[in-house]
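quick one, what's the 3D model for this:
(chains A and B)
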Amino acid sequence: MNDRPWRDDQSQTAGENAASERRQGPENPADDPRASAMFEAPMPQAHPTPPLAATVAQPPGAQSEPLALKGETYWQSVRRRLFKPLLVRFSAAYIIILALLAVFVPFIANGDPYTIVIKAHGKTPAHREYPLFRTLTSIDLIVLAVFACLCCYLVLAWRAGGIADPIARRKSRLRALLIFGGIALIGSLAIYFFHQNVLDVRNYWRMVKAGRATAAIFPPVHWGYAEMEPLSRNLVYKMPYSRHILGTDGDGRDVLSRLLWATRIVMAIGFISQVIALVLGVIVGALMGYFVGIVDLIGMRLVEIFEAIPTFFLILIFVAAYGRSIFMIMIILGLTGWSGIARFIRAEFFRIRKLDYVTAAIASGLSLPRVLFRHMLPNGVTPVIVSMTFGIAGAVLSESGLSFLGVGVRPPTPSWGSMLNDAGNPGSTFHWYLALAPGILIFLTVLAYNLIGESLRDAIDPQLNV
Amino acid sequence: MLKYILRRILLMIPTLIGTTFLLFAIVRFSPGLSSSNQFKGGMMKGGAGQRAQVLAEQEQMGLRDKNGHKISIPVQYVNWIDQICQGNLGVSKEYSIPVLQLIKERLPVTLTMNVIELLLVYLIAIPAGMLSAVKRGKMFDFSYSFISLALYSLPVIWVGAMALGFLANPQYLPWFPAAGTHSTNTSNMTFFQYCGDYLYHIVLPIICMTYGGFAYLSKQVRAGMLDALQQDYVRTARAKGVGGVAVTIRHVFRNTLLPLITMSAGLLPGLLGGSVIIEKIFSIKGMGALMYRATFSYDLPVLQASALIGGVLTLFSYLVVDISYAIADPRVSYE
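Below you'll find the predicted structure:
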């Protein structure tokens, strides 16, 4: 191998000379700061399928409408074509609703009221309490804090859209990202280390019924996900009725509340596992596609290893060896999901590594990570976004399967998969009302992600002959 | 050609080593098995008898040699590989019999079902994909692609639980058997009765395994067909006066068949993994059920060996497919 293997290309000698001159000393006249600034600017014009290249031989049978409207950037046209089908709009709305539910579920399905007045008893005088806010766990608080930071960032990023200068716009967005990312990270750590979860065993609903408390405002679903009906009332496996609109499970817990709480697992598993897969896949794929040769050979063996062992088997071994934890399953789904992304990135990088702008970036002496991730990646990342969308759908299916088998979430944390498992085993009574709702929700979620993925694929590559 | 095959086989060796090392490392570094833990963790307080027992256990697991000395991890790995090459995959903790014997009983059950499933998937996906390529942009194309995507999104656990609950349950419709692959009285059956009994038992599991599989495959068939339909030789054949169906089958389809066969190897890991769920739902005693049980009884040797066999099977099927592809299509090479 060459000592600078990323310049093993014979056709780049001129650029290499310039680059090595640049490194030799700052007094060199070639060291023009503007030159590097020019290369560090984002290069949106170099997309794999430039939108205005539609004038180049449109394939027969492609849709008659123009691929890009006048004055539209590539991503604007992608967005327009992505949301054109009605079903995709419904899917996106459904996913957003699920995400909002996952964030705000403590305020929607909770056994504790927002506020309640407890009547005087014994020596305690009558007083007002806020049990729901008092019993928020650290996870609830972290989710809320991260969500708030995300909202702030989105607002700032949206407002930055008004800045005309692209470099200033990018800088302003980056600043917003750093500030709110930092706040989210520090806030989460602070909550994790300093917040103490409160265990409240009082049943406020019964206190109100017994006349020991008044003026209570309950959430719409006044059951916690682990709250059981007392055994004496014999309210297990109840068909849907007014008290529990979706019935109760074998432990006398409200099914609706558990369904709502399970949105958290569903949203988290897809995103976290795919972010891990993305990071790994992009790094390995970029290195493979850029260096070719021995790095590619080794990288492909890694990809093959992770493709060969069935993911499910790998997860089962991990669970048996290291104990069960939902975070570990997220990590393993990410660790086994990167191979496809790495293959995509590798193929794209093979294609673009000899293009002129990459040569120029190398010639201007940019560091390797900068060349790889700032200049080459934006042009190779589009198919990966599609693969990630399908990956999220796959992760949701895998998680529900694992929780169904009993190796996913730990009880009493609800997951749609584990709720399906409660519906019945071979030979025992089958409680269809326990299986119906979680199954439909898994189906809708996976279908929504798949529909968005399909539409995204068509939108990203308008020349694709479908 | 020979060079390609040789290179392909040689490149498989590092992959095999990596796969085995990964599985070895997962089990070796698990908290329950690291030798230092067991000695420091109070187990040694129990006197000489217990100490000898622990030593014997660790010797059996390959952590120590006969004299009770610790073996270094690379040597442990080499020893483990050596044992595997001799056909010794370890002893199951739960059943106390060699793992190889267990897998020999279970693997055929799972593989038979997977082969039947694969055949069914191909039988459905190829005509459907061809039809939607020919009728591209028409009603059939749209509805088929949506339906297959919807089926692909349907969770197996739900369909399985519903099928079992409604169609194999005396509470509702007891049409199908709820568990196993055979009735109890197989000994006095003729061969055909035996096969019929088997098929009757696997109807529901096979449906559950199949319905989601053909979305991906028929999409590939469709894309390949569309690609081939635009080739010059198709136009030539049409210009020659060859009829529509003949062109589709003889000229277009034949050229798309090869990549499809390659794909069957890529489907194998997914099938093996999916059989864990199916076999759990329908109580079938295959590899999946074996692994499921082993997970809950912490039977690491069984899990390790099953994953190893799954991985090696997949790698070899990749190899066979790649080589046969290279033989069938002389354009394939590493250049």
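
which residues of chain B score low on pLDDT?
B:32-51, B:54-55, B:57-58, B:60-63, B:68, B:332-335 (pLDDT under 70).

what does the pLDDT read for residue A:78?
As predicted, residue A:78 sits at a pLDDT of 83.

just give the nearest non-adjacent residue to residue A:101, would you?
residue A:263 (4.6 Å; CB to CB, 6 or more residues apart in numbering or on different chains). Quick note: C-beta positions are derived from backbone N, CA and C, even for glycine.

wait, the one you found touches residue A:105, no?
Yes - between residue A:263 and residue A:105 a contact is recorded at 6.5 Å, counting by CB atoms under 8 Å.

picking up where we left off before, list the contacts for the residue nearest to residue A:101?
The contact partners of residue A:263, by CB atoms under 8 Å, 6 or more residues apart in numbering or on different chains, come to A:98, A:99, A:101, A:102, A:105.

okay, now the unreliable bits of the stretch 301-450 of chain A?
In the stretch 301-450 of chain A (pLDDT under 70), the answer is A:425-427.

what ranges does it have for its strands?
Assigned by DSSP state E, counting those that start in this stretch, the stretch 301-450 of chain A shows no strands.

do you know how far the residue nearest to residue A:101 is from chain B?
Distance of residue A:263 to chain B, computed by CB to the nearest CB, to the nearest Å: 16 Å.

ok, residue A:251 next?
On the measure of CB to the nearest CB, residue A:251 and chain B end up 18 Å apart.

quick check: closest non-adjacent residue to that residue.
Counting by CB to CB, 6+ apart, the residue nearest residue A:251 is residue A:228, at 5.2 Å.

show me what the one you found is bridged to.
Applying DSSP bridges to residue A:228 gives these bridge partners: residue A:253.

residues touching it, list them.
A:251, A:252, A:253.

let's see if you can find the most crowded of those.
residue A:253 (23 neighbours; other CB atoms under 10 Å in any protein chain shown).

quick one: the helices in the stretch 51-200 of chain A?
A:74-82, A:86-108, A:131-134, A:138-160, A:166-194 (DSSP state H, counting those that start in this stretch).

got TSV for these, with mean neighbour count too?
Output for those, formatted as TSV (neighbours: other CB atoms under 10 Å in any protein chain shown):
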stretch	mean neighbour count
helix A:74-82	17
helix A:86-108	16
helix A:131-134	16
helix A:138-160	16
helix A:166-194	14
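
now that residue B:165 has come up, it's in contact with residue A:436, right?
No - assessed by CB under 8 Å, residue B:165 is found out of contact with residue A:436, at 10.3 Å.

how many neighbouring residues does residue A:445 have?
Counted with other CB under 10 Å, residue A:445 comes out at 26.

skipping its backbone neighbours, what lies nearest it in space?
Nearest one to residue A:445, counting by CB to CB, 6+ apart, is residue A:396 at 5.6 Å.

same question, residue A:110
residue A:219 (4.8 Å).

shouldn't the one you found be in contact with residue A:107?
Yes - assessed by CB under 8 Å, residue A:219 is found in contact with residue A:107 at 6.0 Å.

overlap in contacts of those two?
Common neighbours of residue A:219 and residue A:107 (CB under 8 Å, 6+ apart) are A:114, A:132.

go through stretch B:119-133 and flag the buried ones.
B:120, B:121, B:122, B:124, B:125, B:126, B:128, B:129, B:130, B:131, B:132, B:133 (16 or more other CB atoms under 10 Å in any protein chain shown).

so how far is residue A:371 from residue A:384?
Distance of residue A:384 to residue A:371, given as CB to CB, to the nearest Å: 18 Å.

what's the longest helix in chain B?
helix B:99-134 (DSSP state H).

what helices or strands is that one leaning on?
Packing partners of helix B:99-134 (3 or more CB pairs under 8 Å, 6 or more residues apart in numbering or on different chains; DSSP states H and E): helix B:139-153, helix B:191-210, helix B:214-229, helix B:254-281, helix B:287-296, helix B:300-328.

show me how far the third one is from its chain's centre.
In terms of CA atoms, centre = their mean, to the nearest Å, the centre of helix B:214-229 is found 23 Å from the chain centre.
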